[in-house]
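Undergrad: Got a sequence here, can you model it:
(one chain, ligands or ions: 1)
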Amino acid sequence: MQIKFLGTGAAEGIPAINCDCDHCQRARKEGGKLVRERSSLLLSLPGYELLVDCPPEIRSHIHEYQIGRVDGILCTRARYDHVGGLKEFEYWNGGVDLLAEHALFETIKREHWTEMLDAVMFHIPYYPGASLYFGGFSLIPFAARRSEPIFGVSIKENDTRVVYTSDTSARLTHYARRVMWECDLLIVNVPVFDPISKNHITVPQAIELKEEVKAGQLILTYINHQNRPHDELETYGRQFEGVSVAYDGMVVEVPS
Ligand SMILES: [Zn+2]
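TA: The predicted structure follows:
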């Protein structure tokens with residue numbers, strides 16, 4: 001499968017509006033990999049183009065990366081940075097599957113929905129722990145946080161497994177750790193480097209998680225301006241085997 005990281009920033013993106021921290025100032029001045037739009041992934045799977053999350057920037061991503069096909073959108077969380085771009089699909093030519101767990105979909109319908117989307121989107125509910133079979137591949141969503149509807153997903157094609165955590169904390173269930181066990185690629189959302197909030201796993205904790213679950217590779221994404229700038233984070237990651245840092249537009253081929 002191919003994975004394209006359309007955006008790799010967290011809720012605010014980098015540079016954040018109205019922020020003069022060193023990280024944001026550097027991003028404004030130097031651009032390049034220091035700039036991060038809100039996160040989403042485009043997975044090219046057998047017969048199916050799957051967008052994981054739909055941030056407010058999706059319209060510019062579709063133009064920039066010349067995305068002509070989206071078969072489904074999997075939502076991991078109902079906040080603006082994850083699904084704020086859904087209304088852009090009011091004008092999508094054709095239908096799109098919208099994969100969302102029941103409570104998540106209720107919130108999305110309340111806060112990010114229009115009648116025009118009813119004509120485009122076909123809701124497919126997913127249930128944490130239950131596999132969704134697509135023929136050439138399958139998905140297993142799992143709860144990424146205990147108190148809110150936030151979900152990670154494991155994608156399996158042949159014997160290759162990629163796990164995306166979404167907005168997880170370091171307090172993962174034993175089940176989530178088993179889903180990650182010996183996966184080929186683990187993609188972890190790390191808005192912060194240091195533990196400033198219990199809601200989010202930190203960079204060192206994500207690297208520990210990779211070792212604990214024996215993941216082949218780790219890619220860090222969903223990086224906020226409180227985290228280290230791209231170059232510093234890359235330097236840190238190079239101390240460990242199989243750890244890399246995503247940037248906007250990065251493409252990864254995962255052999256399967
Ligand atoms: Zn900042």
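
Undergrad: Can you give me the neighbour number for the residue in the stretch 151-256 of the chain positioned nearest to the ion?
TA: In the stretch 151-256 of the chain, the residue that lies nearest the ion is residue 225 (3.4 Å; CB to the ion). Bear in mind the C-beta positions are built from the backbone N, C-alpha and C, glycine included. Per other CB atoms under 10 Å, the neighbour tally for residue 225 reads 25.

Undergrad: Pull the contacting residues for it.
TA: 12, 14-16, 19, 21, 23-24, 27 (CB atoms under 8 Å, 6 or more residues apart in numbering).

Undergrad: give me that answer again for 7 Å
TA: 12, 14-16, 19, 21, 23-24 (CB atoms under 7 Å, 6 or more residues apart in numbering).

Undergrad: Which of those fall within strands?
TA: In strands, defined here by DSSP state E, there are no members of those.

Undergrad: Highest neighbour count among those residues?
TA: For the contacts of residue 225, the largest number of neighbours (other CB under 10 Å) sits with residue 14, at 27 neighbours.

Undergrad: quick one: the closest residue to it other than its chain neighbours and residue 169, what's the gap?
TA: Distance criterion CB to CB, 6 or more residues apart in numbering; nearest residue to residue 14, sequence neighbours excluded, is residue 36 at 4.3 Å. Here the criterion is CB to CB, to the nearest Å. By it, residue 36 lies 21 Å from residue 169.

Undergrad: Check residue 200 and give its pLDDT.
TA: pLDDT, residue 200: 89.
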